[in-house]
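Asks: Sequence plus the predicted model coming up.
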Amino acid sequence: MMREFPSHRNILAEFSDIFTKIFEETLETPVQIAANDFDAETIKSALNFLYDKSNAIIGKEMEVFKFAINFGIQHLIDACVSFFEQSVNPTNVCEFIQIAYSHNFEHLKQKCLRILAEKKEEMELTKIAKLPQNIFVDFYFFKL
């Protein structure tokens with residue numbers, strides 16, 4: 001079932017060059033943008049955040065992050081990365097460090113490497129061993 005989330009094109013265009021391009025290339029009004037890879041709650045949370053409801057993404061940061069990456073919404077990406085930096089711990093560090101490396105978030109990388117180095121005794125070695133080789137090498141040579 002398709003859901004609609006009415007929003008103002010000037011708000012969306014303000015935060016995303018991808019949305020701007022869609023608006024420029026589409027003759028129909030209103031413009032309909034497909035976001036089939038995301039559930040309704042994720043889309044609603046992301047849009048509410050853009051409408052200045054900063055707590056709208058709480059508890060949905062990972063899915064909202066994926067939405068923000070997909071549509072190039074840097075303001076939303078920054079908010080999610082800030083959450084990741086604040087909440088990284090031994091149980092989620094392997095997931096967050098892969099995000100940091102794949103998107104070159106240097107501060108998050110360093111924080112994750114530090115946690116890996118300081119808390120490796122608290123972590124499952126199988127999770128660490130499954131990290132991509134470039135991350136594993138950086139972790140191995142990381143100096144506290």
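Replies: Right, received. Where do you want to start?
Asks: isn't Ser16 right next to Ile69, touching?
Replies: No - counting by CB atoms under 8 Å, Ser16 does not reach Ile69; the two are 11.0 Å apart. For the C-beta atoms, the positions are set from N, CA and C on the backbone; glycine is no exception.
Asks: Just want to know which of the two has more residues nearby.
Replies: When Ser16 and Ile69 are compared on other CB atoms under 10 Å, the one with more neighbours turns out to be Ser16, at 20 against 16.
Asks: Tell me the backbone dihedrals of the more buried one, please.
Replies: With angles defined as degrees, to the nearest 10, Ser16 shows backbone torsions of phi -150, psi 120.
Asks: Against Val88, how distant is it?
Replies: 26 Å (CB to CB, to the nearest Å).
Asks: got it, and Asp78?
Replies: Remark: distance between Asp78 and Val88 (CB to CB) = 16 Å.
Asks: more crowded one of those two?
Replies: Neighbours were counted for Asp78 and for Val88 using other CB under 10 Å; Val88 has more, 20 against 12.
Asks: Show the contacting residues for that one.
Replies: Contacts of Val88 were listed using CB atoms under 8 Å, 6 or more residues apart in numbering, and they are Phe96, Leu108, Lys111, Cys112, Ile115.
Asks: Likewise for Ile115?
Replies: By CB under 8 Å, 6+ apart, the residues touching Ile115 are Val88, Asn89, Pro90, Val93.
Asks: tell me the two of the residues you listed that are most distant?
Replies: When these are compared pair by pair using CB to CB, the two farthest from each other are Val88 and Pro90, 8.9 Å apart.
Asks: buried ones in stretch 59-68?
Replies: Along stretch 59-68, the positions that meet the burial threshold by neighbour count (16 or more other CB atoms under 10 Å) are Lys60, Glu61, Met62, Glu63, Val64, Phe65, Lys66, Phe67, Ala68.
Asks: Could you do stretch 70-89 as well?
Replies: Of the residues in stretch 70-89, those buried under the neighbour-count criterion (16+ other CB under 10 Å) are Phe71, Ile73, Leu76, Ile77, Ala79, Cys80, Val81, Phe83, Phe84, Glu85, Val88.
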